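> for reference, the sequence and a predicted model appear below.
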Amino acid sequence: MTQGARPRRRSERAFLFLAVAAVVIPLACLVLLLADVLQVGLGRIDLSFFTSFPSRKAELAGILPGLVGSVYLVLLTAAVALPLGIGAAIYLEEYGSGARLAPLIEVNVANLAGVPSIIYGLLGLGVFVRALELGRSLISGALTMALLVLPMVVVVSREALRTVPHSLREASLALGATRWQTIRRVVLPSAYPAILTGVILAISRAFGETAPLVVIGALTYVTFVPDGVDAPFTVLPIQIFNWVSRPQESFLVNAAAGIVVLLVTMLLLNATAVYLRERLQKAR
Amino acid sequence: MNDSQKEPASKFQLRNVKAWYGDNEVLHGVDADIPEHSVTAIIGPSGCGKSTLLRSLNRMHELVDGARVDGQVSMDGVDIYGPKVDPVLLRRQVGMVFQKPNPFPSMSVRENVLAGARLTGTYDPSRADAIVQRALTQAALWDEVKDRLEAPGVSLSGGQQQRLCIARSLAVEPTVLLMDEPCSALDPIATTRVENLVHTLKQDYTIVIVTHNMQQAARVSDRTAFMLSGDLIEFSDTIQLFKSPSDPRTEDYITGKFG
């Protein structure tokens, strides 16, 4: 008995080691990255850093347009991507194989999820900026970003809908509720914590993404806050990119400070997702 | 249509009812008259089509992808598969209780009882208290839960949850109650409670109950249908079916030779 147990215990230990390493290495990378930018950039962060426009003088420059642009962009992206994505998920899961378009959509979503983000940028440039003549505006950026996060929203929403037990749908239908009443009042409330988690993760993706916005022509030096969906704009990651590419040392400090703001915001968003999921699941 | 028998009026009349899952025919043409204000039990081995037959009565069968029903099912003389019948409205007439108690997990006891009205948008706050008390009393649950109506429905015991589901069905004021093995997840005491309840409810409702438990069929029902691989083999008074079955297959089944 002990003879058979020994090699098994060894492989068990090896697997445990691998598993721990898989957790520690990414965490260590994150901590190192944070420590590095904090060391350089933390001293630069004060109130005026948030409320100032970019400037040729590094010590006067701030992230206001980038931050406001990012927030607007994310809100607009969510406004477009959430109804579409959750709607598509409901169609695929709840009306499923009865729906003739389902296989087509399914293949599309799976493919879209694997497309590099720069391609979305080119698509956005071709369709929204040029063909639809929306220009290099906030709305073009948001629509492009919405396309980018859409597959993710669809996939997580479908997963969430799948966790709702079939018996609840039957109970509702047997009470004389229509399919839509069942979805709205039984299925969605049950699936909502999981959908919310996925949505926050998708949004944090949109918050950090840069490449497609560079392609559709977000500005790199903006001295105003966008005043409408058709206004030119910049976002935080592009502002950081702009500072990093300058030769002066003092702008690198600004970049580091910007990175701190970006990273902390994303960590907060992701932490909120985890917290909400835990809390809402316990509440049920 | 006007076969004047001494039997009570038929609630359901089934004529050559066939049902499919995809290409798989699971009911091969069932004829039956289900009498009003009585308990009809459907027994038979697993996979004989008893649940399918039950689900053809409130058009729940067709909700499964690829499932369909053919033949005629009339309720109170109206073909429920007719073009003018809305299955959603039919299901408010024909309540259903399932195998596993399935109260809505996010709702309290009270909200569960009112779920039918809430879901269908017919909720009337001024009548809510009366509906809750009436339905829970009918389901023989009022005395046990009247002090914790705001507790989550899923916090009740299994048997109480099942009676809550019965109350939830009754609150929509149906005329028929379909029960799909309602006691298979319950302990003997809870089972007895539900069986007693079925006895009382038949005064006001037509009850069709599917069960794999022959003793239960014998205890609660007035008439019993025995099904075997998609065919209705025998359908007669419960006492007669269990004492002197007319078909040898029924006899084999109720004496435990198979199943």
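Yep, it's here. Numbers count the residues shown, from 1 in each chain, chains lettered A, B, ... in the order given.

> confirm that B:S74 sits in a strand.
Yes. Counting by DSSP: H, G, I helix; E, B strand; the rest coil, B:S74 is located in a strand.

> which SS class is the residue nearest to it when sequence neighbours are not counted?
Once its chain neighbours are removed from consideration, B:S74 has its nearest residue in B:Q13; the separation is 4.6 Å (C-beta to C-beta, 6 or more residues apart in numbering or on different chains). The way it works is simple: take the backbone N, C-alpha and C, and place the C-beta from them, glycine included. Taking three-state DSSP as the rule, one finds B:Q13 in the strand state.

> try B:N16
Each residue gets one of three states, and B:N16 gets strand by three-state DSSP.

> equivalent analysis for the one 10 residues further on, please.
With three-state DSSP as the basis, B:V26 sits in strand.

> isn't it right up against B:G49?
Yes. Shown here, B:V26 and B:G49 form a contact pair, counting by C-beta atoms under 8 Å, at 4.9 Å.

> who has more neighbours out of these two?
Under the criterion of other C-beta atoms under 10 Å in any protein chain shown, the comparison of B:V26 against B:G49 puts B:G49 first, with 24 against 18.

> give me the pLDDT for the more buried one.
In the predicted model, B:G49 carries a pLDDT score of 90.

> for the residue in the stretch 151-284 of chain A that chain B sits nearest to, what are phi and psi?
Among the residues of the stretch 151-284 of chain A, A:G176 lies closest to chain B, at 3.3 Å counting by C-beta to the nearest C-beta. When quoted as degrees, to the nearest 10, the phi and psi of A:G176 stand at phi 90, psi 20.

> find the helix or strand that the residue lying closest to it once chain neighbours are set aside is a member of.
If the residues on either side of it in the chain are set aside, A:G176 comes closest to B:R92, at 3.3 Å by C-beta to C-beta, 6+ apart. When elements are assigned from DSSP states H and E, B:R92 belongs to helix B:87-93.

> quick one: contacts of the following helix or strand past that helix?
Tracing the chain past helix B:87-93, the next element assigned as helix or strand by DSSP H and E is strand B:94-97. Outside of strand B:94-97, the residues that reach it under the criterion C-beta atoms under 8 Å, 6 or more residues apart in numbering or on different chains are A:170, A:174-175, B:57-58, B:60, B:75, B:162, B:165-166, B:169-170, B:172, B:174-180, B:182.

> doesn't A:I86 make contact with A:S157?
Yes. In this structure, A:S157 is within contact of A:I86 by C-beta under 8 Å, at 5.0 Å.

> mind listing the shared neighbours of the two?
Overlap between the contact sets of A:S157 and A:I86, as judged by C-beta under 8 Å, 6+ apart, is given by A:I195.

> neighbour count winner among these two?
Neighbours were tallied for A:S157 and for A:I86 using other C-beta under 10 Å; the higher tally belongs to A:S157 (26 against 22).

> re the thing from before, distance of the residue nearest to B:S74 from B:T206?
12 Å (C-beta to C-beta, to the nearest Å).

> I'd like to know how many residues surround whichever residue of the stretch 1-150 of chain B sits closest to chain A.
Per C-beta to the nearest C-beta, the residue of the stretch 1-150 of chain B with the smallest distance to chain A is B:R92, at 3.3 Å. Neighbour count of B:R92, defined by other C-beta under 10 Å: 21.

> same deal with A:I216?
26.

> that one against A:G121, yeah?
Yes. Here A:I216 lies in contact with A:G121, judged by C-beta under 8 Å, at a distance of 5.7 Å.

> isn't B:V210 right up against B:G49?
No. Applying C-beta under 8 Å, one finds B:V210 not in contact with B:G49, separated by 10.2 Å.

> contacting residues around the residue most central in space within chain A?
The residue lying closest to the centre of chain A (C-alpha atoms, centre = their mean) is A:R205, at 2.3 Å. Taking C-beta under 8 Å, 6+ apart as the definition of contact, the neighbours of A:R205 are A:148-149, A:152.

> residues touching the residue nearest to B:S74, list them.
Counting by C-beta under 8 Å, 6+ apart, B:Q13 touches B:32-34, B:72-74, B:77.

> quick revisit: so how far is A:S11 from the residue nearest to the centre of chain A?
Following C-beta to C-beta, the distance that separates A:R205 from A:S11 is 37 Å.

> now A:A102
In this structure, A:A102 and A:S11 are 43 Å apart, going by C-beta to C-beta.

> which bits of the stretch 151-259 of chain B sit near chain A?
Residues of the stretch 151-259 of chain B lying close to chain A (C-beta under 8 Å from any C-beta of the partner chain) are B:165, B:168-169, B:172.

> buried residues in stretch A:85-98, which are they?
Within stretch A:85-98, the residues that qualify as buried by neighbour count (16 or more other C-beta atoms under 10 Å in any protein chain shown) are A:85-86, A:88-94.

> show me the domain layout of chain A.
Structurally, chain A divides into domains by automatic domain parsing as follows: A:5-44, A:62-283.

> report the central residue of chain B.
Among the residues of chain B, the one closest to the centroid is B:L178, at 1.3 Å (C-alpha atoms, centre = their mean).

> quick one: which helix or strand includes it?
strand B:176-180.

> now A:P247
A:P247 is part of no helix or strand when elements are defined by DSSP H and E.

> for the chain, which segments count as helices?
Defaulting to chain A. With DSSP state H, the ranges of helices along chain A come out as A:2-41, A:47-51, A:64-94, A:102-113, A:117-124, A:138-162, A:166-174, A:179-182, A:188-208, A:211-216, A:236-244, A:249-283.

> um, chain B though
Listed in chain order (using DSSP H), the helices of chain B are B:50-56, B:87-93, B:109-113, B:115-120, B:125-138, B:142-145, B:158-170, B:188-201, B:214-220, B:238-243, B:248-254.

> show me what the fifth one is in contact with.
Applying C-beta under 8 Å, 6+ apart, the contact partners of helix B:125-138 are B:109-110, B:113-114, B:117, B:142, B:145-146, B:149, B:164, B:167-168, B:170-171, B:201, B:204.

> mind listing what's buried along that helix?
Within helix B:125-138, the residues that qualify as buried by neighbour count (16+ other C-beta under 10 Å) are B:128, B:131-132, B:134-136, B:138.

> and the nearest residue to B:V198 once chain neighbours are set aside, how many neighbours?
For B:V198, ignoring the flanking residues on the chain, the nearest one in space by C-beta to C-beta, 6+ apart is B:V220 at 4.9 Å. Close neighbours of B:V220, defined as other C-beta under 10 Å, add up to 25.

> look up how far B:R110 lies from B:V220.
Applying C-beta to C-beta, one obtains 29 Å for the distance of B:V220 from B:R110.

> quick one: contacts for A:Q181?
A:172, B:119-121.

> switch those residues over to CSV; also include neighbour count and pLDDT.
Supplementary listing: these in CSV, determined by neighbours: other C-beta atoms under 10 Å in any protein chain shown; pLDDT from 0 to 100:
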residue, neighbour count, pLDDT
A:S172, 24, 94
B:L119, 23, 88
B:T120, 20, 86
B:G121, 10, 84
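
> ok, those vs A:F241, which is closest?
A:S172 (50.3 Å; C-beta to C-beta).

> just checking, that closest one touches A:V186?
Yes. When contacts are counted by C-beta under 8 Å, A:S172 is listed as touching A:V186 (4.5 Å).

> give me the common contacts of these two.
B:104, B:119.

> any stretches of the chain with poor pLDDT?
I'll assume chain A. Applying pLDDT under 70 to chain A flags the ranges A:1-7, A:96-99, A:220, A:281-284.

> looking at chain B here, not the other one
Screening chain B residue by residue with the criterion pLDDT under 70, one finds the ranges B:1-8, B:259.

> what does the residue of the stretch 151-259 of chain B at minimum distance from chain A show for phi and psi?
When distances are taken as C-beta to the nearest C-beta, the stretch 151-259 of chain B approaches chain A most closely through B:V172, which lies 5.8 Å from it. Backbone dihedrals for B:V172, given as degrees, to the nearest 10, come out at phi -80, psi 0.
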